[in-house]
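Undergrad: sequence? don't have it. structure:
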């Protein structure tokens, strides 16, 4: 393991999945977990959470809105 990186555990995956599915914002998940947005997106992708969350139209609208903001 590289220095400065914390390994993911099954409990981490379960906690991420619970927060992700509850609709908590990515910024809030970053704050709670102490992980970077990139690390969270990567892990969410690997454990199959992205498809489940991106289905909702409101989530897609927020992504487009954020992209327009800069």
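TA: Noted; the coordinates are in hand. These figures come from a predicted structure and were not determined experimentally.
Undergrad: when you work out contacts or count neighbours from here on, use the C-alpha atoms and nothing else.
TA: Will do.
Undergrad: tell me which stretches of this structure form helices.
TA: Remark: helices assigned in the chain by DSSP state H are 10-22, 26-33, 37-46, 50-54, 57-69.
Undergrad: weakest of these by average pLDDT?
TA: Ranked by mean pLDDT, these end with helix 50-54 at the bottom, a mean of 60.
Undergrad: where's residue 34 relative to residue 14, distance?
TA: Distance from residue 34 to residue 14, counting by C-alpha to C-alpha, to the nearest Å: 16 Å.
Undergrad: if we can go back for a sec, would you turn the helices of the chain into CSV with mean neighbour count?
TA: Below are the helices of the chain laid out as CSV (neighbours: other C-alpha atoms under 10 Å):
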stretch, mean neighbour count
helix 10-22, 14
helix 26-33, 13
helix 37-46, 14
helix 50-54, 13
helix 57-69, 11
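Undergrad: how far away is residue 42 from residue 69?
TA: As for residue 42, its distance to residue 69 is 23 Å (criterion: C-alpha to C-alpha).
Undergrad: right, I mislabeled it, should have said residue 37
TA: 18 Å.
Undergrad: repeat for residue 32
TA: The gap separating residue 32 from residue 69 is 25 Å, by C-alpha to C-alpha.
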